[in-house]
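*Asks:* Would you be able to build a 3D model of this:
(chains A, B, C and D)
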Protein chains: 2
Amino acid sequence: MNREYSGKRRVDGGLDIRKEKILQVVTDDYIESAEPVGSRTIAKKYNLGISPATIRNEMSDLEESGYLRQPHTSAGRIPSHQGYRYYVDALMQERSLSQSELEAIRSEFEAKTKRIDSLLQQTIKVLSQLTKFPSLILAPQLHAAVFKYIQLVPINEYNILVLVVTDSGFIENKLIETPFPIHEDELQRISSMLNRKLQGVSLRNLGATLMREIKEEMLAHDRFFHETMQLLVKALETKEKERVYLEGAVNILEQPEFKEIEKLKPIMMLLETEEKRYNILADSSLTHGIRITIGEENTEEAAHECSIVTATYEVGGRTLGAIGVLGPTRMDYARVVSVVGFVAEYLSDLLTDLCKK
Amino acid sequence: MNREYSGKRRVDGGLDIRKEKILQVVTDDYIESAEPVGSRTIAKKYNLGISPATIRNEMSDLEESGYLRQPHTSAGRIPSHQGYRYYVDALMQERSLSQSELEAIRSEFEAKTKRIDSLLQQTIKVLSQLTKFPSLILAPQLHAAVFKYIQLVPINEYNILVLVVTDSGFIENKLIETPFPIHEDELQRISSMLNRKLQGVSLRNLGATLMREIKEEMLAHDRFFHETMQLLVKALETKEKERVYLEGAVNILEQPEFKEIEKLKPIMMLLETEEKRYNILADSSLTHGIRITIGEENTEEAAHECSIVTATYEVGGRTLGAIGVLGPTRMDYARVVSVVGFVAEYLSDLLTDLCKK
DNA sequence: GTTAGCACTCTCCTTTGTAGAGTGCTAACC
DNA sequence: GGTTAGCACTCTACAAAGGAGAGTGCTAAC
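*Replies:* Numbers count the residues shown, from 1 in each chain, chains lettered A, B, ... in the order given. All right, here's what the predicted structure looks like:
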């Protein structure tokens, strides 16, 4: 804290050390206060060993090269998106969670519901409580899952409920309408057969595998069987939109940047539209690990004033889905990254436990 | 419209006709404009055949007896909660939906997902689109459902996934942890047995019925069977909180009464807390049909500035759950009641179709 | 290269004034 | 007695004006 930053040692390709320090200080302070940071404040509060005037000069340079910006002529500076990017990539101090926070997360998961689908909801509940930001979770992507169990349940004469359970215990269901009545025993027979044949098949290949089976078994069964299988393949192949759950949207109301209803509206709209929620998380669901998307880097226009921190959760190397939080670009990245990372890991562990025999 | 309301014929127990008319006009106008209604406006716009001064006198009376109130001394009048109540009970003109609206609802449901659980989400999506208010749905209450199918799926050595399907195709799942490994065949045997024994049993009595079965079959099976059944009964008896889904929360942002963030916050909080959502709908889930709850009649304090219109959906006389919308007390009750009623009926029909053989 | 000093700018808040809408009251009218 | 016109009064909303405070940019000196 008391080191002097008069030297001009350049960091490889980036800013010189003093500029870096100023960018860091401005960002840290703005993250905390949500107010533009002035040169005097910096000089007084952060003891850099240089005067406000010098800081002003440096800030002027930083603004010129795009790392800082001024909301209006006589205000202090705030980081630009580029500034945040630099901060996140180079300056941010990794912060690990406190013991009590880790404990809180664990105990929150301990009191777990015995409903497997609630696990997702619970995960983002924890996430939003810890980050104070709206949190999202992309449900396990079916094509990344492995088949565990299938059952055809007759709902009425012409409707069959198809239940597919994945290895991590998630359940997919589809309703099939048949043009002909099917007997319960027949369904049971088909279910048993499928369970035998499909063991361990990736859901990505389920349709294709089924198709092959049909051909093989074609002669052994009657017309009903054949047609039912056709319907089944079709039902399993129609990709449903992946679901993205949301929790803690109210938290966004606490952020000063959204205190005006007009600023708030696009964000709420974004959060409420499943497709847009999906867009926010989807990119990251491909790349393993933690990902930070700042401001205009977001593809969703409504999120141009926001940053999104996501992390994937996985089982045995397979990326199943992703979790993430959305907040103003002025967010405590260090903390959020730790939390999102830890929660994703925790969820991964829970699911891995479920998968392994 | 051109009738004169100078007479003072009293309506049984309520207000005299002219006061009623004024209350109605004030309410109608306020619902439309969201602005306090003045005497001059009424005289000019609604042609009641009386002067502003007379209207002022009447309004003064109406205020004294609690039907109207003034936001501030020199503003027009707006209905009090009591006024709305009177309006809803006695004055509101039932309005049926236009042919095109009915068509819109039907076609929205037509494009139905083949996922049975998405039906709920879809229902309130329609509801919120039509009413422009946040909409809620209380998922089918399990205890009101009838058993259709059960399956125990081994997830790993010590975890069993219990799937229960109800007659209307809804799926409940629970994860059971066993202290001992169970073989897949054993689970299959238990599942088959349960499916035979539990046909047509109400889920309300599932635990008890199971218990009885255990006793009967006790001798016929081994220790594992017995212990598994114990776990199963326990899992099925622990009541999970009933789920209440939400859709269209952004709509509340369009309402002028919530344009200030501080007014908005409690409402958003209310909508986001599942328990509170449940409280809003729960009352009505007991009483069959449509129910209007105005302002302070709501048990949830945050909803004291709101009204809630709910309707139950049912299958063959069994009330399964409820749908509802939440809006400012200044809502177009006539329209909302029609929409909520129709959508609830439509959902009931859909589910009834699924239930009947 | 660094710093002090100073004029300038911009926001935010408060004050002041005005227009507009609406009421309550009184006295007159039917 | 109910109804109405007239008028003073009240309150809000909006705009304009002024001052305090924070911060910058520039210049000249160190």
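*Asks:* so what pLDDT did the nearest residue to A:Ile105 once chain neighbours are set aside get?
*Replies:* In space, A:Ile105 comes closest to A:Val126 once its chain neighbours are excluded; the distance is 5.9 Å by Cβ to Cβ, 6 or more residues apart in numbering or on different chains. Yep, even glycine has a C-beta here, placed from its N, CA and C like the rest. Model confidence at A:Val126, expressed as pLDDT, equals 93.
*Asks:* my guess is A:Val126 contacts A:Glu110, does it?
*Replies:* No: the pair formed by A:Val126 and A:Glu110 falls short of the contact definition of Cβ atoms under 8 Å, at 11.1 Å.
*Asks:* so the closest residue to DNA strand C within chain A, which of the three states?
*Replies:* In chain A, no residue comes nearer to DNA strand C than A:Ser74, which is 2.7 Å away by Cβ to the nearest atom of the strand. Following DSSP: H, G, I helix; E, B strand; the rest coil, the label given to A:Ser74 is coil.
*Asks:* That one and A:Gly38, how far apart?
*Replies:* Separation of A:Ser74 from A:Gly38 (Cβ to Cβ, to the nearest Å) stands at 10 Å.
*Asks:* More neighbours: the two, which one.
*Replies:* Shown here are A:Ser74 and A:Gly38; by other Cβ atoms under 10 Å in any protein chain shown, A:Gly38 has more neighbours (19 against 8).
*Asks:* Now for A:Leu130: which residues touch it?
*Replies:* A:Leu130 makes contacts with A:Glu101, A:Ala104, A:Ile105, A:Val339, A:Val343, as judged by Cβ atoms under 8 Å, 6 or more residues apart in numbering or on different chains.
*Asks:* Excluding chain neighbours, what is closest to A:Thr166?
*Replies:* Nearest to A:Thr166 is A:Ala145, by Cβ to Cβ, 6+ apart, at 3.7 Å.
*Asks:* Would you mind pulling up the elements that the helix or strand A:Val162 falls within packs against?
*Replies:* Per DSSP states H and E, A:Val162 falls inside strand A:159-166. For strand A:159-166, the elements it packs on are strand A:147-156, strand A:171-177, helix A:223-237, strand B:147-156, strand B:159-166, judged by 3 or more Cβ pairs under 8 Å, 6 or more residues apart in numbering or on different chains; DSSP states H and E.
*Asks:* closest to A:Ala322 out of the ones you listed?
*Replies:* Proximity to A:Ala322 (Cβ to Cβ) singles out strand A:171-177 among the helices and strands packed on strand A:159-166, at 18.5 Å.
*Asks:* any idea of the mean pLDDT for that closest one?
*Replies:* 89.
*Asks:* what do you get for stretch A:317-326?
*Replies:* Rounded mean pLDDT across stretch A:317-326 is 92.
*Asks:* for the worst-scoring helix or strand of chain A on mean pLDDT, which positions count as buried?
*Replies:* None of the helices or strands of chain A scores lower by mean pLDDT, DSSP states H and E than helix A:206-217, at a mean of 76. When burial is assessed from 16 or more other Cβ atoms under 10 Å in any protein chain shown, helix A:206-217 yields the following buried residues: A:Leu206, A:Gly207, A:Thr209, A:Leu210, A:Glu213, A:Ile214.
*Asks:* Can I get those in CSV including distance to chain B?
*Replies:* Shown next, in CSV, are these (distance: Cβ to the nearest Cβ, whole Å):
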residue, distance to chain B
A:Leu206, 16
A:Gly207, 15
A:Thr209, 19
A:Leu210, 17
A:Glu213, 21
A:Ile214, 20
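*Asks:* Any chance of the residues you listed in JSON lines with distance to DNA strand C as columns?
*Replies:* Shown next, in JSON lines, are the buried residues of helix A:206-217 (distance: Cβ to the nearest atom of the strand, whole Å):
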{"residue": "A:Leu206", "distance to DNA strand C": "57"}
{"residue": "A:Gly207", "distance to DNA strand C": "58"}
{"residue": "A:Thr209", "distance to DNA strand C": "62"}
{"residue": "A:Leu210", "distance to DNA strand C": "62"}
{"residue": "A:Glu213", "distance to DNA strand C": "67"}
{"residue": "A:Ile214", "distance to DNA strand C": "68"}
